[in-house]
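> got a structure for you, letters missing:
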């Protein structure tokens, strides 16, 4: 089994260039454009596909991890990991500000978007890792704060034959000026089980 590999920032390809990017040591600082988002129809009636994502290949049997600092202030500030097949088929998972509190959640989009959230107030300002593991016809999404145990966030469908990419994303639907610090982007083998040992 091959070990996880760090993906250099320059190896990813941007879906929608952000306002600004720069490196700070090994980290990547990304400034989102104002009013940027990924969403499709449900509940709001609009389609938004102008959020920012730095993507690399996400083949079957692989797992992608993204680590970032969850330091958000405005409603819907968000960052995490995006899995992309096409504009109508994608998954985003990470931390998003809602009602003044950071929430861990995911949006699964197959023609239309859904949304699930759970509050994680103690994650504010801390390093969060989101992991997506692709096996068979599914993606298993987990997350953790720093060295805490993994939490299962979502089990979502993804066709085995789909050509997908994955990597860090951020959006700022309500304002300009959101800057996100990404500290890690890796790829390795997919998890062998749905439930990981403690």
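Arrived safely. Just so you know, these numbers come straight off a predicted model, no measurement behind them.
> I'd assumed residue 36 was in contact with residue 16.
Yes. Using C-beta atoms under 8 Å, residue 16 makes contact with residue 36 at a distance of 7.2 Å. For the C-beta atoms, the positions are set from N, CA and C on the backbone; glycine is no exception.
> who touches both of those two?
Counting by C-beta atoms under 8 Å, 6 or more residues apart in numbering, the shared contacts of residue 16 and residue 36 are 50, 51, 52.
> about what we covered before: neighbour count winner among residue 16 and residue 36?
More crowded of residue 16 and residue 36, by other C-beta atoms under 10 Å: residue 36, with 22 against 15.
> which residues pair with that one across the strands?
With DSSP bridges as the criterion, residue 36 is bridged to residue 172.
> Would you point out which residue is most central in the protein?
Against the mean C-alpha coordinate of the chain, by C-alpha atoms, centre = their mean, the closest residue is residue 81 at 1.5 Å.
> Distance check, residue 156 against residue 141.
7 Å (C-beta to C-beta, to the nearest Å).
> Burial check on residue 24, number of neighbours?
Counted with other C-beta under 10 Å, the neighbours of residue 24 add up to 9.
> Check residue 78 too.
Residues near residue 78, counting by other C-beta under 10 Å: 28.
> thinking it is in contact with residue 170, fair?
Yes. With contact defined as C-beta under 8 Å, residue 78 reaches residue 170; the gap is 6.6 Å.
> so where is the protein shaky, pLDDT-wise?
Within the chain, the ranges that satisfy pLDDT under 70 run 1-2, 197-198.
> and if we set it to 80?
Low-confidence segments of the chain (pLDDT under 80): 1-3, 195-198.
> Tell me where it has helices.
In the chain, no helices are found when defined by DSSP state H.
> wait, residue 17 sits on residue 54?
No. If you go by C-beta under 8 Å, residue 17 and residue 54 don't touch, sitting 10.1 Å apart.
> between these two, which one's more packed in?
Between residue 17 and residue 54, counting by other C-beta under 10 Å, residue 54 is the more crowded of the two (26 against 9).
> quick one on the thing from earlier: how close does the residue nearest to the centre of the chain get to residue 7?
Remark: distance between residue 81 and residue 7 (C-beta to C-beta) = 12 Å.
> if I look at those two, which residues touch both of them?
With contacts taken as C-beta under 8 Å, 6+ apart, the residues that reach both residue 81 and residue 7 are residue 167.
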